[in-house]
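Undergrad: Just to be clear, the model below is a prediction. Sequence and coordinates:
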Amino acid sequence: MVYTLLRYLQEPNPRLRVFERASTFTQGGQWQSIERIENWPEFADLKRKFLGRLDRPIEPDSLTKVAEQSGFNSIYDENGLAQLHGTTIVIPVGKALPEDTFIRPGGEISVDQPDLRPDWGATMETASGGRRPIVCGDTKLGWNVHAAARIVGSNRHGYEDVEGRHLVLPLEQLQHYCLGFDYVVISYCRLNRNVLRGQKGLKGVIINTREFSPLQRHRAD
């Protein structure tokens with residue numbers, strides 16, 4: 001069987017062994033409230049749109065096996081999850097991108113945009129040889145994204161005084177990042193869920209990664 005780019009991108013991600021510490025949410029004075037969250041049904045059409053490129057044969061490799069065999073999938077904090085995400089997802093996706101597009105640690109964007117400090121991001125080469133940021137990405141551990149969406153959806157006139165309001169902070173952070181950019185992506189891991197789920201929020205915010213599964217929960221003593 002021919003090993004294609006599509007098969008490469010569909011390789012399973014490493015199984016997590018989470019020794020949990022939940023993310024500490026960042027808060028910014030310039031962030032705006034989330035007005036609403038909507039689904040993005042057209043996301044599935046992207047595969048059909050780029051099927052010609054995805055059918056291209058490539059040589060196989062497996063960072064997932066390397067991560068699992070080395071114990072790199074043992075997650076104790078957000079930094080550990082971000083490193084695993086970068087190694088087993090960002091690097092393979094970066095390999096599959098066109099030659100004028102790059103996905104790397106977020107410091108590359110922060111150099112030119114000090115107000116933005118994403119964990120990772122993508123840039124595109126411009127005609128003048130520079131790079132234009134097109135994606136800012138962030139990683140959260142222990143975040144209940146579904147509860148955050150419910151808080152926004154159930155409080156159309158504002159959620160400033162609502163219990164659990166801090167759960168919306170990651171969405172506000174990403175909304176701030178995406179002003180002036182094409183998209184912002186957040187990857188997250190919940191300890192009592194076994195997959196990463198995808199949804200689209202306001203102003204181009206996408207919560208989406210390939211699945212980490214199955215999730216094994218471990219607590220450090």
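TA: That came through fine. What you see is a predicted model, and the numbers here were worked out from it, not measured in a lab. Residues are numbered from 1 along each chain as shown.
Undergrad: Could you check how far Trp40 is from Ala147?
TA: Distance, Trp40 to Ala147, by C-beta to C-beta, to the nearest Å: 20 Å. Backbone N, C-alpha and C define where each C-beta goes, glycine included.
Undergrad: Ok, Arg48 next?
TA: Distance from Arg48 to Ala147, by C-beta to C-beta: 33 Å.
Undergrad: Mind checking which of these two has more residues around it?
TA: For the pair Arg48 and Ala147, the greater number of neighbours falls to Ala147 (12 against 8), based on other C-beta atoms under 10 Å.
Undergrad: pretty sure that one is in a helix, no?
TA: Yes. Applying DSSP: H, G, I helix; E, B strand; the rest coil, one finds Ala147 inside a helix.
Undergrad: Excluding chain neighbours, give the residue nearest to it in space.
TA: Computed as C-beta to C-beta, 6 or more residues apart in numbering, the closest residue to Ala147 that is not its neighbour in sequence is Leu167, at 5.3 Å.
Undergrad: Test my guess that the one you found contacts His146.
TA: No. Counting by C-beta atoms under 8 Å, Leu167 stays clear of His146, with 9.5 Å between them.
Undergrad: Give me the more crowded residue out of those two.
TA: Shown here are Leu167 and His146; by other C-beta under 10 Å, Leu167 has more neighbours (21 against 13).
Undergrad: In three-state terms, how would that one be classified?
TA: helix.
Undergrad: What residues does it make contact with?
TA: Going by C-beta atoms under 8 Å, 6 or more residues apart in numbering, Leu167 touches Phe25, Trp143, Asn144, Ala147, Ala148, Ile151.
Undergrad: TSV for those, including pLDDT and distance to Met124?
TA: Formatted as TSV, the contacts of Leu167 follow (pLDDT from 0 to 100; distance: C-beta to C-beta, whole Å):
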residue	pLDDT	distance to Met124
Phe25	84	29
Trp143	87	29
Asn144	88	33
Ala147	92	34
Ala148	92	30
Ile151	95	34
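Undergrad: Pull out the buried residues from these.
TA: Among these, those buried by neighbour count (16 or more other C-beta atoms under 10 Å) are Trp143, Asn144, Ala148, Ile151.
Undergrad: does Met118 belong to a helix or a strand, and which?
TA: Not Met; residue 118 is Pro. Following DSSP states H and E, one finds Pro118 outside all helices and strands.
Undergrad: measure it to Asp45 for me?
TA: From Pro118 to Asp45 the distance is 26 Å (C-beta to C-beta).
Undergrad: what are the ranges of the helices in the chain?
TA: Here the chain has its helices, by DSSP state H, at 5-9, 45-49, 51-54, 63-70, 78-85, 91-96, 107-112, 145-154, 169-178.
Undergrad: among those, which is nearest Pro133?
TA: In terms of C-beta to C-beta, the element of these nearest to Pro133 is helix 107-112, at 4.8 Å.
Undergrad: Now do the buried residues in that closest one.
TA: Quick answer for helix 107-112 (16+ other C-beta under 10 Å): Glu108, Ile109, Ser110.
Undergrad: I appreciate the help and will end here.
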